[in-house]
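Chemist: Build me a structure from this.
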Amino acid sequence: MKANELRTKGSEELQNELKELLRAQFSLRMQVATQQTNKTHDVRRVRRDIARVRTVMHESRLKAGN
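Modeler: The predicted model follows:
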């Protein structure tokens, strides 16, 4: 997921995207903890996607404030 793609989405879509990513993160953490998966790189990818979404949301709030 790229930040440019996220910037084209509205705030409602970003909220939904964030919810889905947080669910995916929880699921991956549980899978890693119970040793059901060995794809630990997915945890890092999802964590970074969450950070991207939150950054774009913050940027849009700052832009709306000015």
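Chemist: What residues does the residue nearest the centre of the chain make contact with?
Modeler: Compute the mean C-alpha point of the chain, and by C-alpha atoms, centre = their mean the closest residue is I50, 2.4 Å away. I50 is in contact with L18, L21, L22, Q25, counting by C-beta atoms under 8 Å, 6 or more residues apart in numbering. For the C-beta atoms, the positions are set from N, CA and C on the backbone; glycine is no exception.
Chemist: ok, 10 Å please
Modeler: Residues in contact with I50 (C-beta atoms under 10 Å, 6 or more residues apart in numbering) are E17, L18, L21, L22, A24, Q25.
Chemist: now do M57
Modeler: M57 is in contact with L6, K9, S11, L14, Q15, E17, L18, counting by C-beta under 10 Å, 6+ apart.
Chemist: now swap in E20 and tell me
Modeler: Here E20 is in contact with V46, D49, V53 (C-beta under 10 Å, 6+ apart).
Chemist: Now render the residues you listed as JSON lines, adding distance to R29, pLDDT and secondary structure.
Modeler: Shown next, in JSON lines, are the contacts of E20 (distance: C-beta to C-beta, whole Å; pLDDT from 0 to 100; DSSP: H, G, I helix; E, B strand; the rest coil):
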{"residue": "V46", "distance to R29": "9", "pLDDT": "97", "secondary structure": "helix"}
{"residue": "D49", "distance to R29": "15", "pLDDT": "97", "secondary structure": "helix"}
{"residue": "V53", "distance to R29": "18", "pLDDT": "96", "secondary structure": "helix"}
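Chemist: neighbour-wise, which of those leads?
Modeler: Neighbour counts for these (other C-beta atoms under 10 Å) peak at V53, which has 23 neighbours.
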